[in-house]
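1. Just need the structure, nothing else, for what follows:
(2 chains)
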Amino acid sequence: MDGEELTEQETAIYDRQIRVWGADAQRRLSKSHILIYGMTGTVAEFCKNIVLAGVGSVTLVDERVVAEESLSANFLIMPEENLYQGKTLAEVCSDSLKEFNPMVHVAVQKGHILTFGVDFFEKFDAVILSCCSLREKKWINQKCRKLSKRVAFYTVECRGSCGEIFVDLQDYKYSKLKKLEETIECRIEYPSFEEAISVPWRALPRSVSKLYFAMRVIEHFEPGETVTDDLPGILKLRKELCETNSLDESQIPDGLVERLVRDIAEYPPVCAIVGGILGQEVIKAMSGNGVPLKNFFFFDAMDGKGLIEDISGPSTGS
Amino acid sequence: MASEEQLSAIKRAKVLMVGAGGIGCELLKTLALSGFQDIHVIDMDTIEVSNLNRQFLFRQSHVGLSKAKVARDAVLRFRPKISITPYHANVKESRFNVDFFKEFDVVLNGLDNLDARRHVNRLCLAADVPLVESGTTGFLGQVTVHLKGKTECYECQPKPAPKTYPVCTITSTPSKFVHCIVWAKDLLFAKLFGDKNQENDLNVRSSDTASSSEHSEDVFECRKDEDIEQYGRRIYDHIFGHNIEVALSNEETWKNRNKPRPIYSKDVLPKKITKENGDTEKDCATGDVSAMASLSLKNPQDIWSLAENSRVFIEALRLFFSKRGKEIGNLTFDKDDQLAVEFVTAAANIRASSFGIPLHSLFEAKGIAGNIVHAVATTNAIIAGLIVIEAIKVLKKDNNNFRMTYCLEHPSRKLLLMPVEPYEPNKSCHVCSETPLSLEVNIHHSKLRDFIEKIVKGKLGMNFPVIMQGASILYEVGEDLEEDMVAIYDANLEKALSELPSPVTSGTVLTVEDLQQEFTCSINIKHREEFDEEKEPDGMVLSGWVEAPVDKDNNKPVGNGESTSNALPSEEILEGEKDVEIQEQSTGAETVTGKKRTLSEVDGSRNQKTTENLDDDDEDELVISNDWESLTKKKRV
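-> Residues are numbered from 1 along each chain as shown, chains lettered A, B, ... in the order given. Below you'll find the predicted structure:
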């Protein structure tokens, strides 16, 4: 492959997963550099998964200081560190994460993500965003798309029993093993985040997950963080968005919206599940092994379904 | 999601986790984060290096320590106020009896073998405690809820039987690399380093059986006048040269097959290879001895040439005799024993070379020989999340919303995580229903011992059986038995069924009970004179139980439950007679089971479904997804 062999230590530790995706995929994985913004419980799960799997490096960005609620679903934060000593979430999480796998470089980047320039993003192979506003998601996604190399872009958000992942791999090529020796080259074109969410709702099949619409309503609601008192405002926004998109309001049931607004705290089993799926997707894209999902994933613990939705404009339609 | 009522149910709950491995680590973490405060964990294993890629509670410095205990300490770091009780023990120990199980509100399994799963299933049924069962292989996983009387039990559906290979394929006509591995591991390794008294089919049968067995009498013993290298070369020439020549002399065998090529050490190795200082080295720890290291072979992913394999063979044999002499005679193959893996890889490759079968790397050979399970962290994390979701439903007594969930590698109808409604109990399940079994047996020939070994332990999975005919006890085991009773039971073991103190005749109903599992079966005995040696090698036929389909000659170890450190006793050769088959063990193949089952379930032909080999090949994935497609039409929720 790249002429470099895995070390004895790598072969011993990664033995069981090399049996799943092969030594070449493991080598590619170990050369990938991942940027992560927003240390939620789901992101902690995700970080654990990719650090164990053996990516090259992980860079964490989160300037918030550790608060009581950041402990709730995040096993990277030890309660004795409640003293904080002025440490940021990224710093505390990075300390725990380092222990999981000494072969992975874990770093913290100070500053706000919106201030980072092109040359910063260029250093990474994948960017994962959490707790971002609509504007931030669009802006960073565009930044990634303008780079000379392909940087995979993901967003992830969990609210109570629900979770959503968005994936943009731009123009993704992979080879698929067909029967024994034969491989075929495959290609998937992804829409950007903005393109995807701009697809008129009436153009989408009726079977599209209601969670997709509900999450867009929540996302449109500024200032972002919702509380129960926001419910009337959000229901009003739902009405407006449904009218603009000619969608029947019943496609976004009250109960679902209520759940998303009321239960904003992360639910640890859902963090594990969504963080697991996201980990798997990033590993796929970084190792070039397996068919990545396009382009939304939804999980709802209420019905237990883990669902993939392809929301693409006409130019990148499936 | 987390209502007050739910939170208090979680806080009050006392849960038992069985297994602190791949699924277990993730599960313990997610339980703790979800607010559980009284968690008990049983795991008999200690931590190994190959666990570290996914069992994230463990570090390099923990290698060799108890999984249950280290997992507890690691979780207490981020949830110091909860109670976690670890047991570094086998769940089959008698202290984990029905009363112990009754203390819990729910039992969560993260196990790696069929045997322990069956055991926990029975205890949960006996104690009437709900069980959430799980398993993963690579990207595939599954979670099920077993609630007595409401949903099926773990044993309501057949589980895949261990893969088997006909003896003659192994001893004489291998066509796949796995045949060479089984030969190297179960025959050659066992012969050279294991119990010398065990029967062994290593020497190929020729038309002239008498002379070959005479010849084999002492060929594997090191002679007084030879050094280890000479001995190694003699063994080499015997098994790869002489035995192949003998096999070739039986021309009938090779009419429709490619003839193997005899290989002699002089053709592939220089005259003298052993280093001079060979015998002065002292015995040292098992892990430190490696033929690869002394031959400067570094990459376990490389495929060695015939010459390299031959050098590894001779060197590994030398190292066993010079460094680990004390263990010889008692060794069984262990995938974590580097030297054993090197020896088996080399021997299998030389044999493969002889039979024109492609050679394999040590890494691949180790996977095949050790039935190593593919495992990644992400699947375990997802499955653990799903277990907790079901466990909370159990605590809330939300019985109508239990789901059996599959974690798929490729989406089926857009679903990557697919919930289906749980199945109802199988009315003819020999474990959770009271359906009597029937056994056809020759009561004059079969001994009580055969009945216990082949049926009671072998098929019904009991560990501490009591056999009764009406009120009289024919056999039992236990620590507190009187000596004279033990003598009577031992004598009974050797008696034919019809000669027992209270004779078993056609029409007798035997009651078989395992006191620890609190599991009882009635078996109607029917006498039958003749049995087909080939099709009915046990000499008895049990019907009315959920029998596993037999999976013959798979070339890949079928995936089994996550984690492999709890290696089962190494493969046994069942009485090395001609028609008996060599068994390849596979630990409880949980995920695979579910898939096969659902397919046959949809077809409406449960037990007739032939097993397909499910592995990571694309072709097989198609089989799986078709299966789920059809399943979703009916069972989708």
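
2. All the helices of the stretch 301-450 of chain B, residue numbers only.
-> Counting by DSSP state H, counting those that start in this stretch, the stretch 301-450 of chain B has helices at residues B:306-323, B:338-354, B:362-369, B:377-395, B:448-450.

3. just checking, what packs against the fourth one?
-> In terms of contacts (3 or more CB pairs under 8 Å, 6 or more residues apart in numbering or on different chains; DSSP states H and E), helix B:377-395 is packed against helix A:41-53, helix A:268-287, helix B:4-12, helix B:22-34, strand B:106-109, strand B:131-137, strand B:140-146, strand B:404-412. Just so you know, the C-beta spots here come from the backbone N, C-alpha and C atoms, and that holds for glycine as well.

4. Same list (the ones you listed) but as JSON lines, adding mean neighbour count.
-> Listed next are these as JSON lines, based on neighbours: other CB atoms under 10 Å in any protein chain shown:
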{"stretch": "helix A:41-53", "mean neighbour count": "28"}
{"stretch": "helix A:268-287", "mean neighbour count": "28"}
{"stretch": "helix B:4-12", "mean neighbour count": "13"}
{"stretch": "helix B:22-34", "mean neighbour count": "28"}
{"stretch": "strand B:106-109", "mean neighbour count": "28"}
{"stretch": "strand B:131-137", "mean neighbour count": "29"}
{"stretch": "strand B:140-146", "mean neighbour count": "27"}
{"stretch": "strand B:404-412", "mean neighbour count": "22"}
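
5. for these, which one sits closest to B:Tyr264?
-> Ranking the helices and strands packed on helix B:377-395 by proximity to B:Tyr264 (CB to CB) places strand B:131-137 first, at 41.9 Å.

6. Identify the neighbouring strands of that closest one in the sheet and state each direction.
-> The sheet places strand B:131-137 alongside strand B:106-109 (parallel), strand B:140-146 (antiparallel), with pairing taken from DSSP bridges.

7. re earlier: tabulate the helices and strands packed on helix B:377-395 in TSV, adding columns for mean pLDDT.
-> Converted to TSV, the helices and strands packed on helix B:377-395 look like this (pLDDT from 0 to 100):
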stretch	mean pLDDT
helix A:41-53	96
helix A:268-287	96
helix B:4-12	90
helix B:22-34	96
strand B:106-109	98
strand B:131-137	94
strand B:140-146	95
strand B:404-412	93
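
8. ok so, going back, looking at the helices of the stretch 301-450 of chain B, which is buried most?
-> Of the helices of the stretch 301-450 of chain B, the one with the most neighbours on average (mean count of other CB atoms under 10 Å in any protein chain shown) is helix B:377-395, at a mean of 28.

9. if you average pLDDT over it, what comes out?
-> The average pLDDT within helix B:377-395 is 96.

10. these two touch, right, B:Asp201 and B:Thr171?
-> Yes. Here B:Asp201 lies in contact with B:Thr171, judged by CB atoms under 8 Å, at a distance of 5.0 Å.

11. so what's in contact with the two at the same time?
-> Common neighbours of B:Asp201 and B:Thr171 (criterion: CB atoms under 8 Å, 6 or more residues apart in numbering or on different chains): B:Leu187.

12. if I look at the nearest residue to B:Phe343 once chain neighbours are set aside, how far off is chain A?
-> Nearest residue to B:Phe343 in three dimensions, chain neighbours excluded: B:Ala316, at 3.9 Å (CB to CB, 6 or more residues apart in numbering or on different chains). For B:Ala316, the distance to chain A equals 18 Å [CB to the nearest CB, to the nearest Å].

13. Would you confirm that B:Ser543 contacts B:Ser438?
-> Yes. The criterion here is CB under 8 Å, and B:Ser543 meets it with B:Ser438 at 5.3 Å.

14. Which one's more surrounded, these two?
-> More neighbours surround B:Ser438 than the other of B:Ser543 and B:Ser438, with 16 against 11 (other CB atoms under 10 Å in any protein chain shown).

15. now that one, which residues is it bridged with?
-> B:Asn524, B:Ser543.

16. residue contacts, it?
-> B:Ile523, B:Asn524, B:Ile525, B:Lys526, B:Leu542, B:Ser543, B:Gly544.

17. change it to 10 Å
-> Applying CB atoms under 10 Å, 6 or more residues apart in numbering or on different chains, we find B:Ser438 in contact with B:Val509, B:Ser522, B:Ile523, B:Asn524, B:Ile525, B:Lys526, B:Val541, B:Leu542, B:Ser543, B:Gly544, B:Trp545.

18. try A:Val92
-> A:39, A:60, A:62, A:65-66, A:70, A:74, A:76-78, A:81, A:84-85, A:108.

19. Include pLDDT and secondary structure when you put those into TSV, please.
-> Below are those laid out as TSV (pLDDT from 0 to 100; DSSP: H, G, I helix; E, B strand; the rest coil):
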residue	pLDDT	secondary structure
A:Met39	94	coil
A:Leu60	97	strand
A:Asp62	94	coil
A:Val65	86	strand
A:Val66	83	coil
A:Ser70	72	helix
A:Asn74	92	coil
A:Leu76	94	coil
A:Ile77	91	coil
A:Met78	87	coil
A:Glu81	55	helix
A:Tyr84	65	coil
A:Gln85	71	coil
A:Val108	96	strand
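
20. PyMOL command to pick out the buried ones of those?
-> To isolate the buried subset of the contacts of A:Val92 in PyMOL, counting by 16 or more other CB atoms under 10 Å in any protein chain shown, use the following:
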select buried, chain A and resi 39+60+62+66+70+74+76+77+78+81+108
